[in-house]
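Student: Here is a sequence together with a model predicted from it:
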Amino acid sequence: MPSTEAFPLLSATDKLAPLQPSVDIPRIRRRSSGLGGEIRAGDTRAPALATLNVRPPSPGTIKAQNESYRRKPFSKRRKASSLFVKWKRYALKHTWVTPLVLIGVFLALFAINPTESNPIHHFIFLSYKLPAEPGAPVHYGKGWWDFAFVTFYIIVLSFTREFIMQQWLRPMARRSGLKSRAKQSRFMEQMYTAIYFGVLGPCGLYVMSRTPVWYFNTRGMYEGFPHKTHEADFKFYYLFQAAYWAQQALVLSLGMEKPRKDYKELVGHHITTLFLIGLSYRCHFTYMGLAVYITHDISDFFLATSKTLNYLDHPLVGPYFGFFIAAWCYLRHYLNLRILWSEFNEFKTVGPYELNWETEQYKCDLSHWISTFLLASLQGLNIFWLYYILRIAYRFLLHNVAEDDRSDNDENELAEEQRLDALSHSGVDAAAGPKVLLNGSPVQEEGKENGKENGKANGKANGKANGKTKVRTDGLTNRKTTTRKAARKV
């Protein structure tokens, strides 16, 4: 009877093989009620920290770090470093914790002396309160402490954005059937934008109703100029919106998200918006800024909800997208062109028209051309995005585009994530060391293929036949490999 081994040698083909590209696997395209592609338009796509392209360390990396700590002698520096690594790992997973801690620090410092003499008061509450006559509303002036107010609410908006996305919207995306991380991230971004502008849009209309600008009365933008003071609700709304756009630009500037096709236009829009906000507040053109705020806020709400329905393949995405186009054209083009047109007639004829630094009269030729240039730049970006919107509508209506072209990309992203997760669970750090590519797919070296799976099988089953077996642990990946010595001939 021929001698047999207890366990046959495992071949390299039994190793977890890389997933083949989706083009090699024939599949039937599903019929979709979506618009046939991503709506690459508007300014609602600034990412959050929760949706950035950051992958937490794999189990292999964590084991290697723990192994290195065990080798080192105990010290206070080592303990502090270990705590910092744990905090960094936790904060990277729960991105809302860090801004929450900062908010707690501000509130604790203010609780020590909860009066206006405490400098922290300027971060949390409005500054430059003016004495008011009996029965008249309280007005607030402007000054450098307003930057402190904006800074604090950048942190507040960072917390609310990250918390809502991770704790509410990510589970909602999973329950809605969105499997890939890329589509979940886009869903979370658009849903948060819809929630934010769904609240701030009506608030802006309420603030406008208490000013001469109601309802987009361009003449009221220049009457009584300069507008140096405002009521509490007006100033809070204006600075809170400034904090929102500053927070968006700050996250976008990190550059940790993969740039999209209209990334340059999106960056240009944020730069133009921040210049408009800052200059309009400093030069007292806040009534004009209020009108521009509202037109973009309400249109962004309809844009974000339209994108969300498109991600979910909702049956009403077609009719709703048509309603969104009408709202976009009215708010971002008709009303904003009216504001831009007022620069060439009412800007010079209504109210004083002079440059006086002492009285802060800034309605002059210089401010006229600067504001006209910024508003025209903003309108140019809106026209650029309108082209993409109308092109999607054209394909949807005339060519009856019902195939979801996004499926290929999303399925490839999902397959890649599953492959990386499988390697991570096996204790291999997918990001460590060079990779060998075969036909575009990563493979492992021959010497490393049988390291873990064949180590115990070949070591125990073939130990007597092949001689002595030595087991060695790799300090980097914590993987066990075997080396055998040939048996001496008797």
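Tutor: Thanks, I have it.

Student: in this structure, which ranges drop under the pLDDT threshold?
Tutor: Where the chain drops to pLDDT under 70, the residues are 1-38, 40-43, 45-81, 255-259, 400-490.

Student: just checking, what's the longest helix in it?
Tutor: helix 365-398 (DSSP state H).

Student: Flag every buried residue along that helix.
Tutor: 367-368, 371, 374-375, 377-379, 381-382, 385-386, 388-389, 392-393, 396 (16 or more other C-beta atoms under 10 Å). Just so you know, the C-beta spots here come from the backbone N, C-alpha and C atoms, and that holds for glycine as well.

Student: Then stretch 209-217?
Tutor: Buried residues in stretch 209-217 (16+ other C-beta under 10 Å): 211, 213, 216.

Student: Show me what the longest helix of the chain is packed up against.
Tutor: If you count contacts as 3 or more C-beta pairs under 8 Å, 6 or more residues apart in numbering; DSSP states H and E, helix 365-398 packs onto helix 263-282, helix 286-311, helix 317-328, helix 336-342, helix 346-349.

Student: elements contacting the shortest one?
Tutor: Based on contacts counted as 3+ C-beta pairs under 8 Å, 6+ apart, the elements that helix 346-349 packs against are helix 365-398.

Student: again, 6 Å this time
Tutor: Using 3 or more C-beta pairs under 6 Å, 6 or more residues apart in numbering; DSSP states H and E as the contact test, no helix or strand touches helix 346-349.

Student: again with the second one
Tutor: Helix 286-311 makes packing contacts with helix 181-209, helix 317-328 when contacts are defined by 3+ C-beta pairs under 6 Å, 6+ apart.

Student: Compute the inter-axis angle for the last one and helix 365-398.
Tutor: To tie it back to what came earlier, the one meant is helix 317-328. 160 degrees (axes from the mean of the first three to the mean of the last three C-alpha atoms, to 10 degrees).

Student: hmm, who's touching helix 317-328?
Tutor: 299, 302, 306, 309, 310 (C-beta atoms under 6 Å, 6 or more residues apart in numbering).

Student: hmm, back to that, need the helices and strands packed on helix 286-311 in TSV with distance to residue 227, can you?
Tutor: Below are the helices and strands packed on helix 286-311 laid out as TSV (distance: least, C-beta to C-beta, whole Å):
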stretch	distance to residue 227
helix 181-209	13
helix 317-328	28
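
Student: So for residue 277, which of these sits nearest?
Tutor: Smallest distance to residue 277 across the helices and strands packed on helix 286-311 (C-beta to C-beta): 13.6 Å, for helix 181-209.

Student: List the buried residues for the closest one?
Tutor: 181-197, 200-201, 203-204, 207-208.

Student: Then stretch 150-161?
Tutor: Buried, per 16+ other C-beta under 10 Å, within stretch 150-161: 150, 152, 153, 154, 155, 156, 157, 158, 159, 160, 161.

Student: Helix or strand: which one has the fourth one?
Tutor: Assignment of secondary structure by DSSP states H and E places residue 154 within helix 145-163.

Student: which strands and helices sit next to that helix?
Tutor: Going by 3+ C-beta pairs under 6 Å, 6+ apart, helix 145-163 lies up against helix 97-112, helix 121-124, helix 232-253.

Student: Show residues contacting the longest one.
Tutor: With contacts defined as C-beta under 6 Å, 6+ apart, helix 232-253 is touched by 46, 126, 140, 149-150, 153-154, 157-158, 207, 270, 273, 277, 286, 293.

Student: out of those residues, who's nearest residue 358?
Tutor: residue 286 (20.3 Å).

Student: From residue 320, how far out is the closest one?
Tutor: Between residue 286 and residue 320 the computed distance is 33 Å (C-beta to C-beta, to the nearest Å).

Student: same deal with residue 86?
Tutor: 46 Å.

Student: and what of residue 197?
Tutor: For residue 197, the distance to residue 320 - C-beta to C-beta - is 16 Å.

Student: neighbours of residue 238, just the number please.
Tutor: 20 (other C-beta atoms under 10 Å).

Student: Adjust the sequence numbering to begin at 51 for everything that follows.
Tutor: In the new numbering, first residue 51, that becomes residue 288.

Student: mind listing what residue 422 touches?
Tutor: residue 393.

Student: hmm, try it at 10 Å
Tutor: 390, 393, 394, 397 (C-beta atoms under 10 Å, 6 or more residues apart in numbering).

Student: Filter the residues you listed down to the buried ones.
Tutor: 390, 393, 397.

Student: nearest to residue 281, of those residues?
Tutor: residue 397 (24.3 Å).

Student: mind listing what the closest residue to that closest one other than its chain neighbours touches?
Tutor: Closest residue to residue 397 apart from its sequence neighbours, by C-beta to C-beta, 6 or more residues apart in numbering: residue 418 at 5.8 Å. Applying C-beta under 10 Å, 6+ apart to residue 418 gives the contacts 393, 394, 397, 398, 403, 412.

Student: now do 8 Å
Tutor: 393, 397, 398 (C-beta atoms under 8 Å, 6 or more residues apart in numbering).

Student: Can you tell me how far it is from residue 213?
Tutor: Taking C-beta to C-beta, one finds residue 418 at 43 Å from residue 213.

Student: and what of residue 248?
Tutor: Distance from residue 248 to residue 213, by C-beta to C-beta: 17 Å.

Student: Columns distance to residue 227 and secondary structure on top of the buried residues of stretch 259-267, output as TSV?
Tutor: Converted to TSV, the buried residues of stretch 259-267 look like this (distance: C-beta to C-beta, whole Å; DSSP: H, G, I helix; E, B strand; the rest coil):
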residue	distance to residue 227	secondary structure
261	45	coil
263	44	coil
266	41	coil
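
Student: Please convert these to JSON lines, extending it with distance to residue 304.
Tutor: Putting these into JSON lines (distance: C-beta to C-beta, whole Å) gives the following:
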{"residue": "261", "distance to residue 304": "36"}
{"residue": "263", "distance to residue 304": "36"}
{"residue": "266", "distance to residue 304": "36"}
